[in-house]
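Enquirer: sharing a sequence plus its predicted fold:
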Amino acid sequence: MIPYSRQSISKKDISSVTKVLKSNFLTKGPLVREFEKKIAKTFSSKYVISSNSGSSSLHLACLAIGIKKGDIVWTVPITYAASANCALNCGAKIDFVDICDQTFNISIIDLKKKLKIAKKKNNLPKAIIPVHLGGQPYEQKEVWKLSKKYNFKIIEDASHAIGSKHYGESVGSCKWSDITVFSFHPVKIITTGEGGASLTNNKMYYEKMLQFRENGIIFDKKRLIKKSKYAGYYEQVSTGYNYRMNELSAALGISQLKKLKKFINKRNQIAKKYIDELKNFPIQFQKIEKYNLSSYHIMIVKFNINKLKLNYKQIFNKFRKNRIFVNLHYSALHLNPYFRSLGFKKKQFLNSEDYSKSSLSVPNYYDLKKSDFNKVIKIIKSII
Ligand SMILES: *Cc1c(COP(=O)(O)O)cnc(C)c1O
């Protein structure tokens, strides 16, 4: 089968993990710290907290900025459940901002309109969680400016955007946000099996995320209420979770991080080939702004579905029958049963709904074989 994305694991990756198995620490050892330091350096942020998943890291980010019951958090409908769950799990209410029909990222026009109305109604969001869909950075400067005007925090869901750049700045530098979150799930740009990281330049957020990751326990001598009498003395100062990354994952992450540039280049090459091959066909690709470098985590093709003989389901089946596991990223979140039960309805976010009915992600990953790529192209052409 040909998946839409998958990990690329080298012999070096494997030996770095097996080495950990023979060492003293499978968790709480030196490699997690080393991985965090390397992430901080690579993406130019001051602080990094790794975790056991991107979802956990998003939750830690919400906890750090103090999202709680009664707060409102906005994200986009075209995203994974975790972008909303992180706030819901803190007791907050979720609302959505539609996507732009060209970039498929948060629409700045819609965001501005919605903020104006929210200000009048006195229900402004405490935080906004924009998503770098497919690895293309959203309009970060615009959202940052609005965050100053309307006083909200920004958590970037950069699960797709490891290695992406915006005006030459690495996503993760938090130049235009409070916290940035990566995911290291195997389909993402680099992997740790499962894993995530939150990046920030804010020391208080860093300390909070560390504390919530460790069941509300602090070890830092400077922060202890009682001054420590013995090495290893600790205090629990809040509730929390065990969201730690383990040493096996960190070892894999360190090894994978070395190949980041290679992975991004290859994904960009493949994307370019798709666009070249299909440029004369009625297919819409994600518009990548010239000041952006996309990691191309997802290669999105949007069909002009009303003009085709096949409907969306039939298109899907055609790929699947040929053992090509295309996927939809994502089915508009607000129309999922859970959000319907909260009162969200059809026709609330038109661009997102249109996207959900006509787009899919085609294979793009480092080890994609030329013959497999050609097979995918052939099927897309035959559909049209
Ligand atoms: C992958 C992903 C996450 C986090 O997923 P985990 O599997 O928990 O690492 C969050 N948001 C988006 C948009 C994602 O694609």
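Expert: Alright, I've got the coordinates. Just so it is clear, the structure is predicted and the values come from calculations on it, not from any experiment.

Enquirer: strands of the stretch 101-250 of the chain, residue ranges please.
Expert: With DSSP state E, counting those that start in this stretch as the criterion, the stretch 101-250 of the chain has strands at 127-129, 153-157, 165-166, 169-170, 179-183, 196-200, 217-218, 235-236.

Enquirer: mind checking pLDDT for Arg223?
Expert: pLDDT recorded at Arg223 is 88.

Enquirer: so it sits against Glu207, correct?
Expert: Yes. The pair Arg223 / Glu207 is scored as a contact, 6.9 Å apart, by Cβ atoms under 8 Å. From N, CA and C alone the C-beta is placed, and that goes for glycine too.

Enquirer: who has more neighbours, those two?
Expert: Glu207 (17 against 12; other Cβ atoms under 10 Å).

Enquirer: now do the contacts for that one.
Expert: Residues near Glu207 by Cβ atoms under 8 Å, 6 or more residues apart in numbering: 218, 220, 223.

Enquirer: what about the second one, neighbour count?
Expert: Applying other Cβ under 10 Å, we find 11 residues neighbouring Asp220.

Enquirer: does stretch 36-55 come close to the ligand?
Expert: Yes. Residues of stretch 36-55 contacting the ligand under Cβ under 6 Å from any ligand atom: 53-55.

Enquirer: what do you get for stretch 293-307?
Expert: No. In terms of Cβ under 6 Å from any ligand atom, no part of stretch 293-307 sits within range of the ligand; the closest distance is 7.7 Å.

Enquirer: related to what we said a few turns ago, quick one: which of the residues of stretch 36-55 next to the ligand sit in helices?
Expert: 54-55 (DSSP state H).

Enquirer: quick one: which of the residues of stretch 36-55 next to the ligand is most hemmed in?
Expert: Gly54 (27 neighbours).

Enquirer: what sits closest to Asp354 if chain neighbours are left out?
Expert: Excluding the flanking residues, the one nearest Asp354 by Cβ to Cβ, 6 or more residues apart in numbering is Asp101, at 7.2 Å.

Enquirer: what parts of the stretch 101-250 of the chain come near the ligand?
Expert: 131, 157, 159-160, 183, 185, 196.

Enquirer: show me where the stretch 51-200 of the chain has helices.
Expert: 54-64, 82-88, 108-121, 140-150 (DSSP state H, counting those that start in this stretch).

Enquirer: now the first one: mean pLDDT?
Expert: Mean pLDDT, taken over the full extent of helix 54-64, equals 98.

Enquirer: neighbour count, pLDDT and distance to Tyr241 for the residues of the stretch 101-250 of the chain next to the ligand - can I get that in CSV?
Expert: Converted to CSV, these look like this (neighbours: other Cβ atoms under 10 Å; pLDDT from 0 to 100; distance: Cβ to Cβ, whole Å):
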residue, neighbour count, pLDDT, distance to Tyr241
Val131, 24, 98, 23
Asp157, 28, 98, 19
Ser159, 29, 98, 19
His160, 28, 98, 24
Ser183, 30, 98, 17
His185, 20, 98, 19
Gly196, 28, 98, 13
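
Enquirer: save these as JSON lines, and put in distance to Ile67 too.
Expert: Below are these laid out as JSON lines (distance: Cβ to Cβ, whole Å):
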{"residue": "Val131", "distance to Ile67": "17"}
{"residue": "Asp157", "distance to Ile67": "14"}
{"residue": "Ser159", "distance to Ile67": "18"}
{"residue": "His160", "distance to Ile67": "22"}
{"residue": "Ser183", "distance to Ile67": "19"}
{"residue": "His185", "distance to Ile67": "23"}
{"residue": "Gly196", "distance to Ile67": "17"}
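
Enquirer: and of those residues, the nearest to Ser177?
Expert: Asp157 (10.3 Å; Cβ to Cβ).

Enquirer: residue of this protein closest to the ligand, please.
Expert: Gly54 (2.7 Å; Cβ to the nearest ligand atom).

Enquirer: bridging residues for the spatially closest residue to that residue that is not a sequence neighbour?
Expert: Excluding the flanking residues, the one nearest Gly54 by Cβ to Cβ, 6+ apart is Ser183, at 2.7 Å. Beta-bridge partners of Ser183, counted by DSSP bridges, are Gly196.

Enquirer: you'd agree Ser183 is up against Gly135?
Expert: No. Contact status for Ser183 versus Gly135: not in contact, 11.8 Å apart, counting by Cβ under 8 Å.

Enquirer: and the nearest residue in space to Leu60 that is not next to it in sequence, how far is that from Gly66?
Expert: Among residues not flanking Leu60 along the chain, Met209 sits closest, at 4.3 Å (Cβ to Cβ, 6+ apart). Separation of Met209 from Gly66 (Cβ to Cβ, to the nearest Å): 12 Å.
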